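Engineer: Any chance you could fold what I've pasted below:
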Amino acid sequence: MRTPAEVARDWHAYPFRDDAAAGAGEQVPPVRYRNVPFTGGRDDQAWQVMHDAYAAATSREELNRLDLDGHRAGIAAIVAAISEAEPGGVLIHCHAGKDRTGLVVALLLSLVGVTDEDVADDYALTMTSLEGLIADWLSEMSDDPAEHERLRRLAEPRREAMLDTLAYLRQRYGSAERYLLAAGVQPEQLARLRERLLDDG
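Structural biologist: Residues are numbered from 1 along each chain as shown. Just a heads-up that it's a prediction; the model follows:
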């Protein structure tokens, strides 16, 4: 779900890069890699407006709302790609796994009927592997303790933030299904997602 520039910068570190390269030939790789940017469908001017809004944000809740409102085209493309994937597991990722990934996973779980409380608990579990990454990011961003505190509020995947996000989703868009349909995901794609994500047993 990363931008092409992010992928190019970090391609050397991608664990499936050799499999992705093999996909250019006739042999089907064990892993099929696709880059579907979360930020897809935005022009430079619109992205600058979003960037400025990110810079002014003071909470994780605010960032999630900005992403829901501002990246509908990219989110729809990601969800459509998951629905069209070949049989088997699908791994989606960004960088840290809490922003872009957290929001898309929350939408998918909500779509198939997982409760807000369970979605929020799942989201909060991300923090168990993030402290080192957040600490590195904070040290790169600023030496000011007050700014560190503000940035940490933005970075931590707190369950309260996800509960707020899901409440906002319903209040503004009605449901995950309505949000995705209005963003361009087709009804048959949502049906395939439900088949893929729900266990008949």
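
Engineer: what mean pLDDT does the helix or strand harbouring Ala80 have?
Structural biologist: Using DSSP states H and E, Ala80 sits in helix 72-84. Looking at helix 72-84 alone, the average pLDDT works out to 96.

Engineer: quick one, the helix or strand that comes right after that helix and helix 72-84 angle?
Structural biologist: Downstream of helix 72-84, the next assigned helix or strand under DSSP H and E is helix 100-111. Angle of helix 100-111 versus helix 72-84, following axes from the mean of the first three to the mean of the last three Cα atoms, to 10 degrees, is 60 degrees.

Engineer: which secondary structure elements does helix 100-111 contact?
Structural biologist: Counting contacts by 3 or more Cβ pairs under 8 Å, 6 or more residues apart in numbering; DSSP states H and E, helix 100-111 packs against helix 60-70, helix 72-84, helix 116-124, helix 159-173, helix 176-183, helix 187-197. (C-beta placed from N, C-alpha, C; glycine too.)

Engineer: any chance of these in TSV, plus mean neighbour count and distance to Arg32?
Structural biologist: Shown next, in TSV, are these (neighbours: other Cβ atoms under 10 Å; distance: least, Cβ to Cβ, whole Å):
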stretch	mean neighbour count	distance to Arg32
helix 60-70	19	26
helix 72-84	20	11
helix 116-124	18	26
helix 159-173	18	30
helix 176-183	19	23
helix 187-197	15	15
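
Engineer: Please tabulate these in TSV, including the columns distance to Arg2.
Structural biologist: TSV is the format used below for the helices and strands packed on helix 100-111 (distance: least, Cβ to Cβ, whole Å):
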stretch	distance to Arg2
helix 60-70	14
helix 72-84	11
helix 116-124	19
helix 159-173	21
helix 176-183	19
helix 187-197	22
